[in-house]
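A.B. asks: got a predicted structure here, sequence first:
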Amino acid sequence: MNQEAKNRIADDVTDSIYGAYPELWERFGENGYTHTKKDNHHHLDHLETAYALGQEKVFLDYTEWLDGVLTSRNVGTELIIDNFNRLIDALPGRAAPEEADFMAGCLRRAVRQLEQK
């Protein structure tokens, strides 16, 4: 996936999250918005690494770590799940079909992993 596509996905997903949860502006402000955008870049970077290695486990391990970090900062697991679902919706047409399918599969498995907590 090229950098322009990653930037567009991170922007769109972050805008969508903050549109759906306006209370996040009150809780976390502009700093939280900026961190959410950076987090989405990290999600995409880890998905790209998992794809390059052909190893879903790379992303699932990252998800486990991410959940621990964000919940310690009062960001609920449900927001991570929501974010990942928005990424699934944002991938088609922005990455090669095989790559997008792999990434969406990783995200779906990560959502199931988080829902089982």
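C.D. replies: Yep, it's here. Numbering: from 1, shown residues only.

A.B. asks: going forward, measure contacts between C-alpha atoms and count neighbours the same way
C.D. replies: Noted.

A.B. asks: got the contact list for residue 106?
C.D. replies: Applying Cα atoms under 8 Å, 6 or more residues apart in numbering to residue 106 gives the contacts 47, 56, 59, 60.

A.B. asks: of those residues, which belong to helices?
C.D. replies: Among the contacts of residue 106, the members found in helices (DSSP state H) are 47, 56, 59, 60.

A.B. asks: most widely separated two among the contacts of residue 106?
C.D. replies: Put simply, by Cα to Cα the two of the contacts of residue 106 set farthest apart are 47 and 60, 9.6 Å from each other.

A.B. asks: okay, those two: which has more neighbours?
C.D. replies: residue 47 (25 against 21; other Cα atoms under 10 Å).

A.B. asks: and the more buried one, how close does it get to residue 80?
C.D. replies: In this view, residue 47 and residue 80 are 15 Å apart by Cα to Cα, to the nearest Å.

A.B. asks: host element of the residue sitting furthest away from the middle of the chain?
C.D. replies: The outermost residue of the chain, judged by C-alpha distance from the chain's mean C-alpha position using Cα atoms, centre = their mean, is residue 26 at 21.5 Å. For residue 26, the host element (DSSP states H and E) is helix 23-53.

A.B. asks: that helix: how far from the chain's middle?
C.D. replies: Here the centre of mass of C-alpha atoms in helix 23-53, compared against the chain's by Cα atoms, centre = their mean, to the nearest Å, lies 6 Å away.

A.B. asks: counting by contacts, list what that helix packs against.
C.D. replies: With contacts defined as 3 or more Cα pairs under 8 Å, 6 or more residues apart in numbering; DSSP states H and E, the packing partners of helix 23-53 are helix 3-20, helix 56-72, helix 97-115.

A.B. asks: okay, the angle between that helix and helix 56-72?
C.D. replies: When axes from the mean of the first three to the mean of the last three Cα atoms, to 10 degrees is applied, the directions of helix 23-53 and helix 56-72 differ by 160 degrees.
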